[in-house]
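Asks: Next comes the sequence, and after it the predicted model I'd like to discuss.
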Amino acid sequence: MILKLIIRNAFRHRLRTILTVAGVAIAILAFGMLRTLVGLWYLGVERSSATRLVTRNAISLIFPLPLSYKERIRRIPGVKSVSYGNWFGGIYIDEKHFFASEAMEARSFLELYPEFLLPPEQKEAFIRDRKGCIAGKKLAEMYGWKPGDLITLRGTIFPGQWEFVLRGVYRGAERSTEERALFFHWDYLNETLKKSSPRRADQVGFYMINVAKPEVAADVAQAVDRTFKNSLAETLTETEKAFQLGFASMTEAIMIAIQIVSYVVIVIIMVVAANTMAMTARERIAEYATLKTLGFGAVHIGAIIFGESMVISLLGGVLGVLLTFPAAHWIESELAQFFPYFSVSLSTVGLDLLIACCVGAVAGLFPTWRGATIRIADGLRRIG
Amino acid sequence: MAIPWSYSLRNLWTRRLTTVLTASGMALVVFVFAATLMLAEGLRQTLVATGSYDNVVVIRTSSNSEVQSGVERSQAAIVESLPEVATGADGRPLLDKEMVVLINLTKRGTTKPANVVIRGVGNASLALRPQVRMIAGRMPKPGSDEVIAGKSIAERFQGGGIGEQIRFGMRDWTVVGTFAAGATGFNSEIWGDVDQLMQAFRRPVYSSVLFRLRDSSEFERVKKSIESNPRLTLEAKRETRYYADQSEMMAKFLRILGLTLTVIFSLGAVIGAMITMYAAVANRVVEVGTLRALGFGKRSILAAFILESLLLGLSGGLLGVFCASFMQLTTISTMNWQTFAELAFSFSLTFGIIWKSLCFSLVMGFAGGLLPAVRAARMSIVEALRAT
């Protein structure tokens, strides 16, 4: 009986209800998108492995480490394999077409990153060709690259025009794996530097260390840093996760702002929903008084009002969640350049619905109290 | 004949709770709108103020920032000998060969590292940058392990205050002074003697050469003579242009983000206003009928309801701008993706932003009130009077 009354009541002012539901849906949609955006920021942190360590110069990332450190790191107990590379930061066509490009020691790098899946013959072809490079699937699709194509990058850190031959296109083992990067041989970079600026040759930007098991990661990190203490190039070794987190936290202020804003949108819609309910309850004060005269208790009246508020905001919430998925898909396909991976997590959906409930509860609170406590005579006397 | 505007005002007053709720919803949207504009404006002001129009920055070709750049000593000497470089009061060229690197420093009260710019400067650096002045302590002695820190570094980073020490390059550096540089990016830098820093970091090359033009109009000529010189692999930019390029990506990001958020949020607020105004019309059917019977035309009714909605929007807008003005007290400190360096800037409120925000709130009020007002205006007199 109450349920029927709630639903009927909710749709008495059809236009107003539709508008409110639409408002809640938009807010939930916006909230879900913003949360996914923030999550995306920390994606690099999530997809990092627990058995990989990154060693870099302790002063900061822009300082290199000597190549001679490789063997010394390899001798440290607990180290399974070592790879190394340089951030290249090449520009393809112009600055707008940005993607990650790195020079890597090819064989050990591919072993260290099993999530980059490369067909065996392409892998062989890449390793054999010093001017070869590999690119992620999404990157190759974006520019229509095929194995054998010549790719020219303009170096920002290492001056000049650099030519590479695409030897393979890798796929990510998981959906979240970075598929928009280009890797080429560190040897190619180094040999060229030996000719053009010998001072910068035989220097690597970072070492990547694979440890035998996650438990020894902390010990190995300390052992590496101790080895090079008080040398010309002191090192800082951290897990890949901490390394990525360090990067993400440098732009934390902006992410915090987005998070605050995502809650502001909820407050806005709470105000709108509260307004709707306040108006609804005010118009129906006489009805509630009548119901009370008929013998319905305060609890009944309260439940009717509160239920109506919940129905409206939950409808909006569900609609918002349903809209989130096509919207995320649209962003993933249309704005692939900025957001190659835009997927809504289950926890976001859960939070969406929880917030819809909160909005309903808060919006219904005051009218419920008014309706439940109004005195019959006052209610009947009142003219809407 | 027009309905007096006090009619609209009083209607809002009669239904105070609803008015306050709707207006505060709009105020929040205007707040977000104004805040993003203020942030973008703050960033712009910071970077524009950082450069001087008459100064020229010379960096290696196709390196986008000083940090990536490298200028050989011999190349710097060639630039120094150009006739277009201005001469200072002491008879030496107004030119500074600088080294710029990033180091990791920890923010006070946290363990989180951030990239901070260390700039090795020479004699002419202060003369080239009139915005920079010492506010405490003294300049570092040439040839010593002394540095000075920008205001936001001194406040926010461990070891940045006067008398404190920072360790890098296997040496301890004592901070002997704090400088302020208006609203510029230099506030987030640490300065020291260029030769000492090059020693400490084992870098035999400069990062950039900065000089004042003898005559501002000679920029094109000096640019051409630097970039066409086969002994130089350098490019020249006006300092203002250089800093604007540095923040292009960040400014674009803030602009797109702000625009998207505002559009989505304003949809919510317009819906809120629409609900309120529809209810206002529905409650007053008889009243509208009476007004029409008294001889007020459709147009007057339309105007009265739209005016009511506009007033609603305006009060929300005023409230939102009022709240947003307090954001000027906060400073955002984040990493600039293009330089990888820490950059601090604050929200900045201008008359243009106030004006835009209020217009925006009026537009929201208008959009929310139009349909309900049309409905009120189109009611037939007889039916309206018959309604209970």
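Replies: Arrived safely.

Asks: any chance you could map the helices in chain B?
Replies: For chain B, the helices defined by DSSP state H occupy B:5-14, B:16-50, B:73-80, B:125-128, B:151-156, B:194-201, B:219-227, B:239-246, B:248-283, B:285-294, B:298-325, B:351-378, B:381-386.

Asks: of all these, which lies closest to A:Lys138?
Replies: Nearest of those to A:Lys138, taken as C-beta to C-beta: helix B:248-283 at 20.7 Å. All C-beta atoms are positioned from the backbone trio N, CA, C, and that covers glycine.

Asks: In the stretch 51-200 of chain A, which residue sits nearest chain B?
Replies: The minimum distance from the stretch 51-200 of chain A to chain B, using C-beta to the nearest C-beta, falls at A:Ser60 (4.4 Å).

Asks: Kindly indicate whether that residue is helix, strand or coil.
Replies: Secondary structure for A:Ser60, judged by DSSP: H, G, I helix; E, B strand; the rest coil, is coil.

Asks: Near chain A, which residues of the stretch 1-150 of chain B are found?
Replies: B:17-18, B:21-22, B:24-25, B:28-29, B:31-32, B:60-64, B:67-68, B:101-104, B:112-115 (C-beta under 8 Å from any C-beta of the partner chain).

Asks: longest strand of chain A?
Replies: Taking DSSP state E as the criterion, chain A has its longest strand at strand A:161-172.

Asks: Let me know the distance separating the residue nearest in space to the middle of chain A from A:Ala328.
Replies: Centroid-nearest residue in chain A: A:Leu40, 1.0 Å away (criterion: C-alpha atoms, centre = their mean). Between A:Leu40 and A:Ala328 the computed distance is 11 Å (C-beta to C-beta, to the nearest Å).

Asks: try B:Leu362
Replies: Taking C-beta to C-beta, one finds B:Leu362 at 34 Å from A:Ala328.

Asks: Repeat that for A:Leu319.
Replies: Counting by C-beta to C-beta - A:Leu319 and A:Ala328 are separated by 15 Å.

Asks: all helices for the stretch 151-300 of chain A, in order.
Replies: Along the stretch 151-300 of chain A, the segments classed as helices by DSSP state H, counting those that start in this stretch run A:186-196, A:217-227, A:240-250, A:252-283, A:285-293, A:298-334.

Asks: tell me how far the ends of stretch A:49-67 are from each other?
Replies: 24 Å (C-alpha to C-alpha, to the nearest Å).

Asks: buried residues in that stretch?
Replies: A:51-65, A:67 (16 or more other C-beta atoms under 10 Å in any protein chain shown).

Asks: for stretch B:4-17, same thing?
Replies: Those would be B:8, B:11-12, B:15, for stretch B:4-17 by 16+ other C-beta under 10 Å.

Asks: who touches it?
Replies: Residues outside stretch B:4-17 that contact it (C-beta atoms under 8 Å, 6 or more residues apart in numbering or on different chains): A:278, B:19, B:280, B:284, B:304-305, B:307-308, B:311-312, B:315.

Asks: Compare those residues and tell me which has the most neighbours.
Replies: Within the contacts of stretch B:4-17, neighbour counts (other C-beta atoms under 10 Å in any protein chain shown) peak at B:Leu312, which reaches 28 neighbours.

Asks: That residue against B:Met26, yeah?
Replies: Yes. Using C-beta atoms under 8 Å, B:Leu312 is in contact with B:Met26, at 7.3 Å.

Asks: Need the overlap of contacts for the two.
Replies: Common neighbours of B:Leu312 and B:Met26 (C-beta under 8 Å, 6+ apart) are B:273, B:365.

Asks: okay, now the domains of chain B?
Replies: As assigned by automatic domain parsing, chain B contains the domains B:5-48+B:248-386, B:62-232.

Asks: Now render these as TSV, adding distance to A:Tyr288 and mean pLDDT.
Replies: What follows is the domains of chain B, written out as TSV (distance: least, C-beta to C-beta, whole Å; pLDDT from 0 to 100):
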stretch	distance to A:Tyr288	mean pLDDT
domain B:5-48+B:248-386	17	85
domain B:62-232	54	87
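
Asks: got those domains as CSV, with distance to A:Asn86 columns?
Replies: Below are those laid out as CSV (distance: least, C-beta to C-beta, whole Å):
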stretch, distance to A:Asn86
domain B:5-48+B:248-386, 15
domain B:62-232, 13
